[in-house]
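*Asks:* 3D model of this:
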Amino acid sequence: MGRLSRSTQHVTRSAATGASVAAAASRRPSVDAALEILDAGGNAVDAAVACGFVAGVVEPAETCLAGSGFLLAWDPGAHRPTAFEFPPRAPAAATPDMYEPVSSEGATKLLGVTTVKDDANAEGILACAVPGTIAGLLAAHERLGRLPRARVMEPALRAATDGFEADSYYALTALDNLDVLRAHPTAGAIYLDERGVPPTPAFLGDATLGVAPLIRQPELARTLEIVAEHGAAGFYEGEVAEAIEHHFAARGGLVDRADLAAYEPIVGEPLHMTYRGHDVFAPSSPCGAWTELQILRVLERFAMDGGADAMHAIAAASRHAFADRYRSLGDGAEPLRDDPDATAAAIRAGDNGPVADGKPWEVFAFDRHGTTHFAVVDGDGMMVSCTHTAGNAFGSKVVAEGTGLLFDAGMVWFNAHPGAVNSIAPGKRPLVNMGPLLLARDGEPRLAVGAPGGRRIIDAVVQVVVNVVDRGMAIDDALAAPRIDASGSAVLASERLGPVLDALRERGHEIVEVREQHAPFSYEFARPVGAEIARGGERRASADPFTQGHAAAR
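*Replies:* Got it, this is the predicted structure:
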């Protein structure tokens, strides 16, 4: 008998194309905010900052304004990029042994880098890191923006006041987190209805069969008004900081006003490497982009044509890089410490990468939700790639009373075992999964790309870069092409790869075939988002077609 053939559903999302501006994000309100600001005379940084603030309001299951992230901006006037990095930091009172590590069998959920007793690094007051999102977004606006701060924040303020639509994705995610949302009354009061359950979304179709309920956040709107008036100081000092400290102190948390006052975003030159004649820029803080660059350095030694040999190289290079990531990378470590020629030689010799030695795949679990990405390009050639996150679905589930601010689960990315390079220390940055990249060619910006999706962000972003640079794909095709993910114990592979799956098995890879039917709640693969300036100057933007996303251009 021959190989079994099954029908597959082909889901596509066209690129938005235009002559002057383009934006893509995980939700339409974020894209609409970006276009509003561009139409008002703002540049790509103004638009991206507006987009980022709106995302922090309308995507509580993915991100928050008391979270963390990275923004890369190409400045056409300076002909170079600037990195605005706002990573999570451990509070000053944090200690290497503040959690009790347990085996994955003893944890209630598989979240983060180390599973700990009661998921205390992922949920609750001790999961919160010192947040950086507002500081980072406003630093980018202050350095490169054009419009007044209050104007750029208007869309987010409206979204908090008027409410965002609770769709089926939101309802299902809230239902998945129902117990912990109920356990945190300040969060449950916002994200659940008066019955203590998720709001019921419009049934079947909201065009004719119902209207989606709205999630309004008046306390968050008040906080945004303060920030719009006073800037970052309105968050990190004054009445908002006092309310945060009071909430944390009353519940045994660690974040205090001194932590907030000490927080500074990192503004400067990003990491840089070249890949097939392209300049690739990435954040310099410990993040997923470090591993993306490491994989790309190896893949440059191979032909990346999308066939079995190329997919084998991606899988093996990824496994080598992930083993190195979890053994050797963290705050203070040297990025790009590998020998790409030696790794490429090992792959050619049949070494598919570590399997069980050191058990990197068993120790480090997969964080399921909690990130957004957006990309913006304007008519002057300014381009922005930004990822920011809550670190977990609904972050830590902690909302500081009186502020409406949902806090992240930033401590989840630390190794809870003392003595490792990524162990906890006061003020330290954890090794996060976010991996936004910015690519330029011949001194001009070409591609902004990133993704939500936990540690699976890394392989997704790498393959989008390969699809654009090596295979000459437009951004929509590059995002939609079938992918693999080798960040875990087996290689996840799209069913659309067909015979390539058998070829990978023959090369010794354990393959888990992923069905890619239209499932807007799926997290089997990360969900890349990107924008590009194509040859001839056309602006293009798109998002992964299998999950929620939106793009617009003109």
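*Asks:* quick check, pLDDT for Thr115.
*Replies:* Looking at Thr115, its pLDDT is 87.
*Asks:* Leu492 is in contact with Glu510, correct?
*Replies:* No: at 10.2 Å, Glu510 does not count as touching Leu492 under the criterion of Cβ atoms under 8 Å. The way it works is simple: take the backbone N, C-alpha and C, and place the C-beta from them, glycine included.
*Asks:* host element of Leu406?
*Replies:* Using DSSP states H and E, Leu406 sits in strand 405-406.
*Asks:* list the buried residues for the helix or strand that comes right after that strand?
*Replies:* Sequence-wise, the next helix or strand downstream of strand 405-406 (DSSP H and E) is strand 437-441. Neighbour-count burial for strand 437-441 flags Leu437, Leu438, Leu439, Ala440 (criterion: 16 or more other Cβ atoms under 10 Å).
*Asks:* and the residues you listed, which is closest to Gly488?
*Replies:* Nearest to Gly488 out of the buried residues of strand 437-441 is Leu437 (Cβ to Cβ; 22.0 Å).
*Asks:* what sits against that closest one?
*Replies:* 72, 280-282, 289, 292, 385, 447-450, 461, 465 (Cβ atoms under 8 Å, 6 or more residues apart in numbering).
*Asks:* show me those that map onto strands.
*Replies:* Leu72, Val280, Phe281, Ala282, Ser385, Leu447, Ala448, Val449, Gly450 (DSSP state E).
*Asks:* wait, which of the residues you listed is closest to Asp118?
*Replies:* The closest of those, once distances to Asp118 are taken by Cβ to Cβ, is Gly450, at 31.7 Å.
*Asks:* my guess is the closest one meets His388, correct?
*Replies:* No: Gly450 is beyond contact range of His388, at 9.8 Å (criterion: Cβ under 8 Å).
*Asks:* who's more crowded, those two?
*Replies:* Between Gly450 and His388, counted using other Cβ atoms under 10 Å, the more crowded position is Gly450 (34 against 30).
*Asks:* next one, pLDDT for the more buried one please.
*Replies:* pLDDT, Gly450: 98.
*Asks:* output the below-cut-off pLDDT ranges for the stretch 301-450 of the chain.
*Replies:* Scanning the stretch 301-450 of the chain with the threshold set as pLDDT under 70 gives 355-369.
*Asks:* same thing but at 90, please
*Replies:* 326-327, 334, 336-338, 353-370 (pLDDT under 90).
*Asks:* repeat for the stretch 51-200 of the chain
*Replies:* For the stretch 51-200 of the chain (pLDDT under 90), the answer is 102-115, 167-169, 200.
*Asks:* that one: strands as residue ranges?
*Replies:* Ranges of strands within the stretch 51-200 of the chain are 68-75, 80-86, 164-165, based on DSSP state E, counting those that start in this stretch.
*Asks:* so what pLDDT did the spatially closest residue to Arg483 that is not a sequence neighbour get?
*Replies:* Of all residues not flanking Arg483 in the chain, Gln463 sits nearest, at 5.0 Å (Cβ to Cβ, 6 or more residues apart in numbering). At Gln463, the pLDDT value in this model is 98.
*Asks:* immediately after the strand or helix carrying Gln463, which helix or strand?
*Replies:* Following DSSP H and E, the helix or strand that holds Gln463 is helix 457-469. Downstream of helix 457-469, the next assigned helix or strand under DSSP H and E is helix 475-480.
*Asks:* direction included, what does the helix or strand following that next one pair against?
*Replies:* Going down the chain from helix 475-480, the next helix or strand is strand 484-485, by DSSP H and E. Each strand that pairs with strand 484-485, with its direction, by DSSP bridges: strand 491-494 (antiparallel).
*Asks:* run through who's touching the helix or strand that the partner strand is followed by.
*Replies:* Counting by DSSP H and E, the next helix or strand C-terminal to strand 491-494 is helix 499-506. Outside helix 499-506, the residues that touch it by Cβ under 8 Å, 6+ apart are Arg3, Gly307, Ala308, Met311, His312, Ala315, Ile484, Val491, Ala493, Glu495, Ile511, Glu513.
*Asks:* and if we set it to 7 Å?
*Replies:* Gly307, Ala308, Met311, His312, Ala315, Val491, Ala493, Ile511, Glu513 (Cβ atoms under 7 Å, 6 or more residues apart in numbering).
*Asks:* please pick the buried ones from the residues you listed.
*Replies:* Buried, going by 16+ other Cβ under 10 Å: Ala308, Met311, His312, Ala315, Val491, Ala493, Ile511, out of the contacts of helix 499-506.
*Asks:* may I see these organised as a markdown table, with secondary structure and distance to Gly253 added?
*Replies:* Shown next, in a markdown table, are the buried ones among the contacts of helix 499-506 (DSSP: H, G, I helix; E, B strand; the rest coil; distance: Cβ to Cβ, whole Å):
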| residue | secondary structure | distance to Gly253 |
| --- | --- | --- |
| Ala308 | helix | 51 |
| Met311 | helix | 45 |
| His312 | helix | 47 |
| Ala315 | helix | 41 |
| Val491 | strand | 40 |
| Ala493 | strand | 42 |
| Ile511 | strand | 44 |
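*Asks:* export those as CSV, with columns for distance to Asp338.
*Replies:* Below are the buried ones among the contacts of helix 499-506 laid out as CSV (distance: Cβ to Cβ, whole Å):
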residue, distance to Asp338
Ala308, 24
Met311, 21
His312, 19
Ala315, 17
Val491, 20
Ala493, 24
Ile511, 25
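*Asks:* out of those residues, which comes closest to Tyr169?
*Replies:* Of the buried ones among the contacts of helix 499-506, the one sitting nearest to Tyr169 (Cβ to Cβ) turns out to be Ala493, at 25.0 Å.
*Asks:* span of stretch 79-92 from start to end?
*Replies:* Length of stretch 79-92, first residue to last, Cα to Cα, to the nearest Å: 38 Å.
*Asks:* any buried residues in that stretch, and which?
*Replies:* Arg80, Pro81, Thr82, Ala83, Phe84, Glu85, Phe86, Pro87, Pro88, Arg89, Ala90, Pro91.
*Asks:* how about the fifth one, what does it touch?
*Replies:* Contacts for Phe84 (Cβ under 7 Å, 6+ apart) come out as Leu71, Ala73, Gly136, Ala139, Ala140, Pro265, Val267.
*Asks:* try it again at 10 Å.
*Replies:* 45, 48-49, 69-73, 132, 135-144, 265-268, 270, 283, 384, 386 (Cβ atoms under 10 Å, 6 or more residues apart in numbering).
*Asks:* run through the bridge partners of it.
*Replies:* As assigned using DSSP bridges, the partners bridged with Phe84 are Leu71, Val267.
*Asks:* any idea how far it is from Leu224?
*Replies:* 19 Å (Cβ to Cβ, to the nearest Å).
*Asks:* now the third one
*Replies:* Here Thr82 is placed at a distance of 25 Å from Leu224 (Cβ to Cβ).
*Asks:* no more questions from me, cheers.
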